[in-house]
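Novice: Provided below are the primary sequence and the corresponding predicted coordinates.
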Amino acid sequence: MSFKKVVLFLINLPKKSLSVELAKFFSITEEIDSAQTASKSAFSQARKNLDHKFFIDWNQVLLNEFYTDNEDGIKRWNGFRLMGTDGSTICVPNKPELVEHFGVNKNQNKSVPMARMHIHYDLLNHLSCRSVMSPFIESESFHAIQALDSMSDDMLTIYDRGYSGFAFMYLNTIKEKQFLIRYSLDFSDEIREFVNSGKESSILTFKANRRAVERLKTFGYEIAIGATVQARAVKVKLDTGETEILVTSLTDMQKYPNEIFKELYFLRWGIETHYSILKNLMQIEIFSGQSKESLLQDFHATIFTANLQSLLMRESEPELEKINEQRDLNYNFNRSVSLGLLKDEVVKIFMTNKPDLVMKKLNELFLSHLEPVRPNRQSPRIIKVSKPRGKHRNFLNYKNVL
């Protein structure tokens, strides 16, 4: 297998038996270059010549193409690219090499081989801008701090409570990064005093304790106990009647009034939806190999394909807007169906000398499978039942698209 075919095979998300996936892949490519099929062994040998960093670089080329040549098309919030950051976990095969590198998640009963993934996600443009698959022991806050220097000045990043703390706020402030972080009601004396006050918004001065000083020291920053940093705290009243505390670098109360922050923080849910897509639709935990390099190849190839899917759907948005003008409800693309439609066609985009025809076909297919957008839709939580013993289960709201 050539370098190009190994790459295209991986971004086509092979989730079935390798024999089946290879046979299907070559049935597509033979229409273009009349190549014969390859064995599982041939593929396994060929992928050893591919560094997973290729997909990271390729994804960066894709992002640069979008962000630098498409200024008018970039969706922004008050001039900012709105980023959501969060971490999750990936179960990995129980192989000695993988356990040694990625580690395990232990509890009282068992140890599960597991890796950490951490993603910076453009919430409005639906693009993964920075994605990491790392050993499980590396925390979400560690990866968020590592990413700060690579973040652009036009980014506003939303974090959940897992990132709250003086050290992280201090690093964002001295690096002049814009942030919005949720804090617990009893996080510190400053927060508790603000909660008990009658104010809806206030500029607070946070002081470093010993733990924050030691935390910053691990990242090469020496500060004294009692060193301060200022940020704005905002109270947000939820529909349930509960109060949330958001801390932000957006201190201009005229430009950023209190009432905008409830909806702004809600947009962070987009990163959770993205993880659901990666795990449940794109099946990121099903790997085509069992070596460390194979897992990293699959992970970053999946991120690339997810971004490519977002950009292809974006090309169809003008036609979608025309459709919505004629309907009572707004409609949007069915991400699940569009992913299934992209399967195999993504190979043709990079193999044929007429990629525009392939993308036009995908455009028509995406627009023929739309779903109405139902705002404020809520579904009652269904209590989980015992799993059946078989390997395959039927879900009422989910069918495999790959």
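Specialist: Sure thing, it's come through.
Novice: mind checking pLDDT for Met1?
Specialist: Note on Met1: pLDDT of 84.
Novice: same thing with Asp33?
Specialist: 68.
Novice: The protein: strands as residue ranges?
Specialist: 81-91, 104-106, 111-122, 127-135, 155-159, 178-183, 201-207, 228-237, 243-248, 331-333, 370-372 (DSSP state E).
Novice: what are the pairing partners of the longest one, and which direction each?
Specialist: Which is strand 111-122. strand 81-91 (antiparallel), strand 104-106 (antiparallel), strand 127-135 (antiparallel) (DSSP bridges).
Novice: now the helices for the stretch 301-402 of the chain?
Specialist: Using DSSP state H, counting those that start in this stretch, the helices of the stretch 301-402 of the chain run over residues 317-325, 335-342, 345-351, 355-367.
Novice: now these in a markdown table, with mean neighbour count?
Specialist: Bear in mind the C-beta positions are built from the backbone N, C-alpha and C, glycine included. Shown next, in a markdown table, are those (neighbours: other CB atoms under 10 Å):
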| stretch | mean neighbour count |
| --- | --- |
| helix 317-325 | 12 |
| helix 335-342 | 20 |
| helix 345-351 | 18 |
| helix 355-367 | 15 |
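Novice: who wins for proximity to Ala212 among those helices?
Specialist: helix 335-342 (40.4 Å; CB to CB).
Novice: from the middle of its chain, how far away would the closest one be?
Specialist: 18 Å (CA atoms, centre = their mean, to the nearest Å).
Novice: Ok, stretch 98-111 next?
Specialist: The chain centroid and the centroid of stretch 98-111 are separated by 24 Å, computed with CA atoms, centre = their mean.
Novice: likewise stretch 231-242?
Specialist: 25 Å.
Novice: got the buried residues for that stretch?
Specialist: The neighbour-count check on stretch 231-242 (16 or more other CB atoms under 10 Å) flags Ala231, Arg232, Ala233, Val234, Lys235, Val236 as buried.
Novice: of all the strands paired with strand 111-122, which lies closest to Pro257?
Specialist: strand 81-91 (17.4 Å).
Novice: Alpha carbons only: can I get the closest one in CSV?
Specialist: Provided in CSV are the C-alpha atoms of strand 81-91 (Å, rounded to 0.1, in the frame of the first residue of the first chain):
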residue,chain,number,x,y,z
ARG,A,81,-13.5,32.9,18.3
LEU,A,82,-15.4,31.0,21.0
MET,A,83,-13.5,28.0,22.3
GLY,A,84,-14.7,25.2,24.5
THR,A,85,-12.1,23.1,26.3
ASP,A,86,-12.6,19.8,28.1
GLY,A,87,-11.0,16.4,28.6
SER,A,88,-12.4,12.9,28.4
THR,A,89,-11.1,9.4,28.5
ILE,A,90,-10.5,6.6,25.9
CYS,A,91,-10.5,2.9,26.7
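Novice: could you check the angle strand 155-159 makes with it?
Specialist: Interaxial angle, strand 81-91 versus strand 155-159 (axes from the mean of the first three to the mean of the last three CA atoms, to 10 degrees): 40 degrees.
Novice: Report the separation between Phe55 and Val112.
Specialist: The gap separating Phe55 from Val112 is 26 Å, by CB to CB, to the nearest Å.
Novice: Compare those two and say which is more crowded by neighbours.
Specialist: The neighbour comparison of Phe55 against Val112 (other CB atoms under 10 Å) goes to Phe55, with 24 against 13.
Novice: Quick check: that one touching Ala306?
Specialist: No. If you go by CB atoms under 8 Å, Phe55 and Ala306 don't touch, sitting 11.6 Å apart.
Novice: Tell me which of the strands of the chain is the most buried.
Specialist: Each of the strands of the chain was scored by mean neighbour count; the highest is strand 155-159, a mean of 24, by mean count of other CB atoms under 10 Å.
Novice: Give the partner strands of it in its sheet and their orientations.
Specialist: strand 81-91 (parallel), strand 178-183 (parallel).
Novice: export these to CSV and tack on distance to Thr205?
Specialist: Compiled in CSV, those are given as follows (distance: least, CB to CB, whole Å):
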stretch, distance to Thr205
strand 81-91, 25
strand 178-183, 15
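Novice: Can you redo those strands as CSV, where the extra columns are mean pLDDT and distance to Ile203?
Specialist: Below are the strands paired with strand 155-159 laid out as CSV (pLDDT from 0 to 100; distance: least, CB to CB, whole Å):
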stretch, mean pLDDT, distance to Ile203
strand 81-91, 95, 23
strand 178-183, 96, 15
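Novice: so which of those gets nearest Arg327?
Specialist: strand 81-91 (27.0 Å).
Novice: sorry, back to before: would you convert the helices of the stretch 301-402 of the chain into JSON lines that also reports mean pLDDT and distance to Ser2?
Specialist: Compiled in JSON lines, the helices of the stretch 301-402 of the chain are given as follows (pLDDT from 0 to 100; distance: least, CB to CB, whole Å):
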{"stretch": "helix 317-325", "mean pLDDT": "91", "distance to Ser2": "35"}
{"stretch": "helix 335-342", "mean pLDDT": "92", "distance to Ser2": "22"}
{"stretch": "helix 345-351", "mean pLDDT": "93", "distance to Ser2": "11"}
{"stretch": "helix 355-367", "mean pLDDT": "93", "distance to Ser2": "18"}
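Novice: what's the closest of the ones you listed to Glu222?
Specialist: helix 335-342 (46.8 Å).
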